[in-house]
Each structure stands twice: as structure tokens, then as C-alpha cells.
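> Sequence below, structure please.
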Amino acid sequence: MQYVYIQEKEKSKKIWWQKFNRIKMEKIGDNSYLYTVSHLNHKNTLKQLEKKIHKKQGKEVQVIFSKEAEFLKKQWKGKKINIETFKKISLPLLLDYLLDQIQEKPQTLLLQDIYFCAKTLNEENKQIIEYFLEKVKTVNIVTTELKSFQKLEEKCGKEKGIWITVSNNKRKSLNKARWIINLDFSAEQLETYQINRQAMIINCTEEKITKEKGFEGVIVQSFDIELVSPVEKILEEKFTSLAIIASQFSFVLDYEENVRKLKQMGVNIRNLIGINGKINQKELLNHKKFLTNKNI
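You can find the predicted model right below:
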């Protein structure tokens, strides 16, 4: 698989009069290429990029957009790095990191009730739920697709002897939840539920969740990963560390295998990112008693 990173050229006074986009390509790894564009907002940018990239790297190439070029992602019709799937694969690492930040051992997860917000019972969500069945105290699913998840509830009970709860009560489903993992609810959909005001919400989607009035908990929107190689550190000036590492990850269909591969890569989380930037340890420690029923 080949990867293409797209960024905008640094602005200069000489650029304003240029009639056409200037697109520069350079190889930055065995299968990676960096495209620098002078006018990201130009109406013909996407057409020019697509034509050049497909000619040089083929149509199967995966594209990673810089922070400034994120707005092009929705318009891009070709393959893109799946950040949402990578976030989901990172959940075990993320939960361990969170527990470490509040000075708890990973085994503490066995004592926690986890709530998943899942709109669809696709293979990805199904495997995630089944992965956590024996790693937490209880698995609770909040969904609008009750029938599909009730079949999963029955399957888990019969085959594993572990019962999960499935609900869609907008007033009660999440009003006592401490740990909430949003797998694929939209921000608008999540806002229709009454959420515990002290909850820890981990958002696996790329859509930003806004803090409702009265909410005093923590929302983890994303996270930073420690980068090691010189190329990675150069790319981080324009691209998120999450996108850089995701572009190097070879996804397979089995969730547990993906988690194992990620751990073998030696990926370390560096910072948690909330709706207002980095989340510091002090903020997490302030929620320790609520999240674990323990005093600091």
C-alpha cells in the first residue's frame, strides 16, 4: 500500500498573483509521498491533485490530509486513512493510559461498567463489544437499533455466559454511566440523551462533541502518539501524530489481532486531547473518586 500526505505550501507574498496551483511531490519513505500544494482553496485543487496522484501512485493509494487541508477530506472521493477505525483499535491502550494517569492499575478496568454508544451492529462494532466482554465488569449498549443488538445480547449470554444490557432510554440509559465510549453516534444524536454530568466520554468518531451546559466530566476527543523517526517528527509540523501512525498501520479484519499488532508496534500515547486542547493529569485526577469509587 502506498500513502500520500497532502499539505499546503507556506504562504508568501509572491504567491497571490499565481494563476495556477503549484503541486510539488517528494518521496519521504519506502511507500510514502508528500504533496505540497500552493492553493488548497482553489476550485481546481482536488481535480489537479487526483489526476497527478492517480497517475504517479495509482488509484489504490491512501491519502492523509494535513491539519490545514482537513476540509478537503469530505470532498475526496478516493481512499483515505480511516482515523475512526484506528481510534477504536487504540481503545485498550487508551483505557490503560487513562487508568495510569489517575494512578490506577490496568486491572481496575475489570471493576468498571462500560457503556458503548453504537448506532449500527457492523462487524467492527460487534468485535469491539465482544473483545471487552471479559475485560470489564459489565458491557452496556446504548443504541437506536435495539433488535440487532438484542440478538447479540442473546448470543453472548448463550455462548459465553456473559449478559450485556441493551437500551435506548434517552433519560435513563446514560444518566448513571461513568465510562462512556462513543463508537458511532453523531454529536447531535448523543445530545438527545441525558448524560451523567461527571462522566468520562471517549469519542471514537472524528466529529467534535460539544460540552453541554452543566457537564463537568471529561471528553476525550483524540490523543497524541509519541513519534520516533526523523521523518515522523518532520511530518508532525503539519499532520496529527494519530494520522501519521495510522498511515503506517496495516489493518486486518480481526479486532483482537489489530490490538495485538498495535501493541507490538510499541505505540505510546503522549497526550489526551479534549474539546479545548490537551487534558492534563490534574483534571483526570479530580475525577478519580467518581470514576473508580476510590479516594485520591
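
> And the helices in the stretch 1-150 of the chain?
45-57, 83-89, 91-101, 123-132, 146-160 (DSSP state H, counting those that start in this stretch).

> Run through who's touching the shortest one.
Residues from elsewhere that reach helix 83-89 (Cβ atoms under 8 Å, 6 or more residues apart in numbering): 124, 128, 183-184, 204-206, 222, 242-243, 245-246, 249, 251, 255, 258-259, 262. Backbone N, C-alpha and C define where each C-beta goes, glycine included.

> If we use 6 Å, what do you get?
128, 204, 205, 206, 246, 258, 262 (Cβ atoms under 6 Å, 6 or more residues apart in numbering).

> gap between stretch 198-206 and the chain center?
In this view, stretch 198-206 has its centroid 10 Å away from the chain centroid, taken as Cα atoms, centre = their mean, to the nearest Å.

> I meant to write stretch 31-43 there.
24 Å.

> List the buried residues in it.
32, 33, 34, 35, 36, 37, 38, 39, 40 (16 or more other Cβ atoms under 10 Å).

> what's the answer for stretch 252-264, then?
Under 16+ other Cβ under 10 Å, the buried positions of stretch 252-264 are 255, 258, 259, 261, 262.

> pLDDT of that stretch, averaged?
Throughout stretch 252-264, pLDDT has a mean value of 94.

> what do you get for stretch 154-172?
On average, stretch 154-172 scores 92.

> So which residues lie in contact with that stretch, not counting its own?
Contacts of stretch 154-172 (Cβ under 6 Å, 6+ apart): 133, 139-142, 144, 146, 149-150, 153, 173, 192-194.

> Recalculate using a threshold of 8 Å.
For stretch 154-172, the surrounding residues in contact (Cβ under 8 Å, 6+ apart) are 129-130, 133-134, 138-144, 146, 149-150, 152-153, 173, 192-194.

> ok, so of the buried residues of stretch 31-43, who is nearest residue 227?
Using Cβ to Cβ, residue 32 is the member of those that lies nearest residue 227, at 14.0 Å.

> Surely that closest one touches residue 1?
No - the criterion here is Cβ atoms under 8 Å, and residue 32 misses it with residue 1 at 10.1 Å.

> returning to what we had before: of all pairs in the buried residues of stretch 31-43, which one is the farthest apart?
The most widely separated members of the buried residues of stretch 31-43, counting by Cβ to Cβ, are 32 and 39 (23.3 Å).

> what about stretch 33-42, average pLDDT?
If you average the pLDDT over stretch 33-42, you get 83.

> Okay, now it: how far is its last residue from its first?
End-to-end distance for stretch 33-42: 22 Å, by Cα to Cα, to the nearest Å.

> Contacts for that stretch next, please.
Residues from elsewhere that reach stretch 33-42 (Cβ under 8 Å, 6+ apart): 2-9, 15, 18, 21-28, 45, 49, 52-53, 56-57, 68-69, 72, 235.

> ok, of those, which come out buried?
Buried, going by 16+ other Cβ under 10 Å: 3-8, 21, 23, 45, 49, 52-53, 57, 69, 72, 235, out of these.

> Check pLDDT for those residues and point me to the minimum.
Confidence-wise, residue 21 trails the rest of those, at 61.

> Pretty sure residue 197 sits against residue 218.
No - in this structure, residue 197 is not within contact of residue 218 by Cβ under 8 Å, at 11.3 Å.

> neighbour count winner among these two?
Between residue 197 and residue 218, counted using other Cβ atoms under 10 Å, residue 218 has the larger neighbour count: 21 against 12.
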